[in-house]
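A.B. asks: here is a sequence together with a model predicted from it:
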Protein chains: 2
Amino acid sequence: MSNGLAKSANGRATIGEVARLAGVSTGTVSRVLNNRNGVHARTRQAVLSAMQSLEYRPDQAARELSFRQTTKVGLSVGLGSRRLIPFFMLFLEHLITELQIDGYRLEEIPTRKDGLPERLTDAMILHGAHDDDPRIHYLQKQKIPFVLVGHCEGTRWVMPDDYNGGLEATRHLIRLGHKEILHVSGLMNNQTFHDRYRGFQDALKEAGIKPKRDWLLDGDFATLAAYRAVRKAYEKDAKASAIFAASDEMALGTIAALEDVGLKVPLDVSVVGFDDLPEISEKLTTVRQDIQALAARAVALLKEGLRGEAVRHELIPVQLMVRGTTARKRG
Amino acid sequence: MSNGLAKSANGRATIGEVARLAGVSTGTVSRVLNNRNGVHARTRQAVLSAMQSLEYRPDQAARELSFRQTTKVGLSVGLGSRRLIPFFMLFLEHLITELQIDGYRLEEIPTRKDGLPERLTDAMILHGAHDDDPRIHYLQKQKIPFVLVGHCEGTRWVMPDDYNGGLEATRHLIRLGHKEILHVSGLMNNQTFHDRYRGFQDALKEAGIKPKRDWLLDGDFATLAAYRAVRKAYEKDAKASAIFAASDEMALGTIAALEDVGLKVPLDVSVVGFDDLPEISEKLTTVRQDIQALAARAVALLKEGLRGEAVRHELIPVQLMVRGTTARKRG
DNA sequence: CTGAAAGCGCTTACAG
DNA sequence: CTGAAAGCGCTTACAG
């Protein structure tokens, strides 16, 4: 090694090597590693730069073993919430990664028929919450810190800025000259989709467009259901020149339906999706949400909860990605 | 504890407690734990029963730390293979669990544009292989032990018994009196679907049924594509009273299409799927495959490879699950 | 504010 | 065939 210190067998620097280079003890290195206070600023700096120059990355296994008791974080998926969908998979993967950084371990906790988690962990992450979700009150009573992926007054929560996503997607269509815009979504008892819908409505309102009742199509959050709803609408009498689908999957179904009734996207009808999932949305104009950030912020809030800090919430920004499925309204 | 030995803080027995109860050293316990030979049968038995009575489960973190060098298993997903689908998610989850038991760590290795893995690990699991997959020859040359999920002469492989699944699904329909049976699948350059198709063909052949060219529908492995293919077929002139869809997703699309052209399932048309995925296939007559066993056997074969044993392969049995979407042919 | 030392639960040469 | 002991890379009272 350029600094004359040997690295450990498997090629990675150890805490001991960092300590030697920084001229401190391993205990001190450990303290800065874990952000404990009571380390002199100068010392901390020295350790930090030693870590950097050695590209130090702590050994997970050793940490877990030393934290005699690893913090177990439970992931609770709401009743009826689908687990085997791309969004959830990606969220789960990022969540595991983010928790690992702090030495926490994720466990999926099954939900009982009464809607409560099968058992409790040191802290919990709640996904797929609905109004009056029994888990919220229950965890509050048990004094288990938790973070909600979604929103609920008085709790610690984090979620993508679905409202603004819906707003921006719809504004984009309006800017392109579209005046009649369908919205393909699912049941509105789902926070996420309700928020996207509110964004849709408000964008119309601010443009002075009054939505008709039949502009709202039930796509049941799925490709095929969206296809059937859109196809049926256009086979009847739909004239809309633009469609905002509340998910990329539904956007895909929407596009296929338009194709099958002989309409070209984006020539005849523009389509915007939502999520920007890999493998699915490459060519779609859509609203990107940052799933990694969602997971990272959820973990950050959870740590605050574990430290007993005050509840607060965060909204993860989303971003309109203009690609090939939207165009200016024709003559 | 009933045996008068204290368990460690976090409630789980340690190797030391097992050793004490069995009247041996921790080294010996470790040896039986890792199936090392050179332990007297009687001693081994004593240790085993001590483990059992203490419900001993080794601490992963401690093992990893002690195995100075953890074995890294790379998971390589073939180019163009979809990763965000339920089957793959479930396989991945089981794979991680199974590898963990042996203290191995799974890493997903990206595939380069030329089809080779970005980097090598101690051992690899190949998924989504196609004919002439360059990874196979490459890994053989590099002498990296690997297991293929699929099949390829001269390699170590494991896969579900897709052929028999296709055979059984089709036989089931034939037994119900159906004589004209469609098969909804995707491109046949995919081993899995090709095998299911062969099963379909052979079942017809043994029943003396000669399939027509247009009995094979391209469902592109997806719900929506299956829907469109089936709908188009019946809108034209299809008369088949039964359909074997090569995946549950395609079966769902198939059923929706039949419904939309006014046919009742299973009254007018019977439908069989394949996979039996949770959340998706509750009411479907389908062929269950055991994804957990698939992962477990893949790991077992990989361990053989790591030990330098001869290559061999395994077929994981599948099972026909008769549920509500198939019925005896009418009139 | 910092260091020396014990300890987390396992594995593995090294003796015998 | 088996035990005693060192060591894996960290954390954390305990002194100072």
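C.D. replies: Structure's in. What do you need?
A.B. asks: neighbours of A:Val18, how many?
C.D. replies: 28 (other Cβ atoms under 10 Å in any protein chain shown). All C-beta spots, glycine's among them, are computed from the backbone N, C-alpha and C.
A.B. asks: how near is it to B:Glu64?
C.D. replies: 20 Å (Cβ to Cβ, to the nearest Å).
A.B. asks: same question for A:Arg119.
C.D. replies: 26 Å.
A.B. asks: again, but for A:Lys236
C.D. replies: Distance, A:Lys236 to B:Glu64, using Cβ to Cβ: 61 Å.
A.B. asks: more neighbours: those two, which one.
C.D. replies: Neighbours were counted for A:Lys236 and for B:Glu64 using other Cβ under 10 Å; B:Glu64 has more, 21 against 8.
A.B. asks: what parts of the stretch 51-200 of chain A come near chain B?
C.D. replies: Proximity of the stretch 51-200 of chain A to chain B, by Cβ under 8 Å from any Cβ of the partner chain, involves residues A:59-65, A:68-70, A:82-84, A:86, A:89-90.
A.B. asks: could you list which of the residues you listed also contact DNA strand C?
C.D. replies: Near DNA strand C, judged by Cβ under 7 Å from any atom of the strand, the entries from those are A:Ala62, A:Leu65, A:Arg68.
A.B. asks: re the thing from before, out of the residues of the stretch 51-200 of chain A next to chain B, list just those in helices.
C.D. replies: Among those, DSSP state H puts A:Gln60, A:Ala61, A:Ala62, A:Arg63, A:Glu64, A:Leu65, A:Pro86, A:Met89, A:Leu90 in helices.
A.B. asks: how many residues are close by the closest residue to the third one other than its chain neighbours?
C.D. replies: Leaving aside its sequence neighbours, A:Ala62 sits nearest to B:Leu65 (Cβ to Cβ, 6 or more residues apart in numbering or on different chains; 5.3 Å). By the measure other Cβ under 10 Å, the count of residues near B:Leu65 is 18.
A.B. asks: so what pLDDT did B:Leu65 get?
C.D. replies: On pLDDT, B:Leu65 comes in at 90.
A.B. asks: from A:Ser66, how far out is it?
C.D. replies: For B:Leu65, the distance to A:Ser66 (Cβ to Cβ) stands at 9 Å.
A.B. asks: ok so A:Val287 is a helix residue?
C.D. replies: No: judged by DSSP: H, G, I helix; E, B strand; the rest coil, A:Val287 forms no part of a helix; its state is strand.
A.B. asks: doesn't A:Thr170 make contact with it?
C.D. replies: No: counting by Cβ atoms under 8 Å, A:Val287 sits too far from A:Thr170 to count as a contact (10.2 Å).
A.B. asks: what is the neighbour count of the residue lying closest to A:Phe221 once chain neighbours are set aside?
C.D. replies: By the measure of Cβ to Cβ, 6+ apart, the closest residue to A:Phe221 outside its immediate chain neighbours is A:Gly186, 4.2 Å from it. Close neighbours of A:Gly186, defined as other Cβ under 10 Å, add up to 21.
A.B. asks: for A:Ile109, give me its contacts.
C.D. replies: Going by Cβ atoms under 8 Å, 6 or more residues apart in numbering or on different chains, A:Ile109 touches A:Gly74, A:Leu75, A:Ser76, A:Pro117, A:Glu118, A:Arg119, A:Thr121, A:Met124.
A.B. asks: just the residues you listed: which are in strands?
C.D. replies: When DSSP state E is applied, the contacts of A:Ile109 are split such that A:Gly74, A:Leu75, A:Ser76, A:Met124 fall in strands.
A.B. asks: report pLDDT for the last one.
C.D. replies: Per-residue pLDDT puts A:Met124 at 96.
A.B. asks: show me which helix or strand of chain A is least confident by mean pLDDT.
C.D. replies: None of the helices or strands of chain A scores lower by mean pLDDT, DSSP states H and E than helix A:60-66, at a mean of 88.
A.B. asks: hmm, back to that, common neighbours of A:Val287 and A:Thr170, please.
C.D. replies: Each of A:Val272 lies in contact with both A:Val287 and A:Thr170 under the rule Cβ under 8 Å, 6+ apart.
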